[in-house]
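Undergrad: what shape does this take:
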Amino acid sequence: MGAGTNHTVLPPATDDRDLLAALKAVLAGSEEVSISSPGGSVPLPDIVRGLLVDAVAALDRGQAVTVEPHRTVLTTQEAADLLGITRPTLVRLLEAGKIPYTSPGRHRRVELSDVLEFQQGERARRSQVFEEMAHEEPLDPGDAVDGFVSTR
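TA: The predicted structure is shown next:
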């Protein structure tokens, strides 16, 4: 896999599932994990271990996994694509101060970490809203007229 390319791996055949389960158990353990070769052994950094844990878990569930490198400083179009929104919508978020940005020249630049932080915050906010909606007081069936409940 070359630098700057993405790489997709399909779930393994059924005969490789045992090997995948063993790898999953090793990565999930608390002991230090190392990669060994005839030339020596190198400890696996936590950040790489976390990536491997997620990838192996997805493969074990029968999902394909794609690893795609990203630059750490994004254009507004790249940031919008990552968030799944239009560039004008992203620009409105930037101008509203919801995502920090810099303008080294005429163009805005956004840090990948800020985009990911915004994305996580939005997910958490949506989860909270859904949770609040789920706990709202149910309508009283006695308020129904002809089987319909007036909502306005």
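Undergrad: what's the burial count for the nearest residue to residue 55 once chain neighbours are set aside?
TA: Spatial nearest neighbour of residue 55, chain neighbours left out: residue 65 (4.7 Å); criterion: CB to CB, 6 or more residues apart in numbering. Quick note: C-beta positions are derived from backbone N, CA and C, even for glycine. If you count neighbours by other CB atoms under 10 Å, residue 65 ends up with 16.
Undergrad: roughly how far does residue 65 sit from residue 54?
TA: 8 Å (CB to CB, to the nearest Å).
Undergrad: neighbouring contacts of the longest helix that the chain contains?
TA: Scanning the chain for the helix with the most residues, using DSSP state H, yields helix 112-134. The contact list for helix 112-134 (CB atoms under 8 Å, 6 or more residues apart in numbering) reads 70-74, 79, 82-83, 93, 98-101.
Undergrad: and the strands in the protein?
TA: Using DSSP state E, the strands of the chain run over 7-9, 34-37, 40-43, 65-67, 73-75, 109-111.
Undergrad: who touches the last one?
TA: Contact partners of strand 109-111, identified using CB under 8 Å, 6+ apart, comprise 72-76, 79, 90, 94, 99-103.
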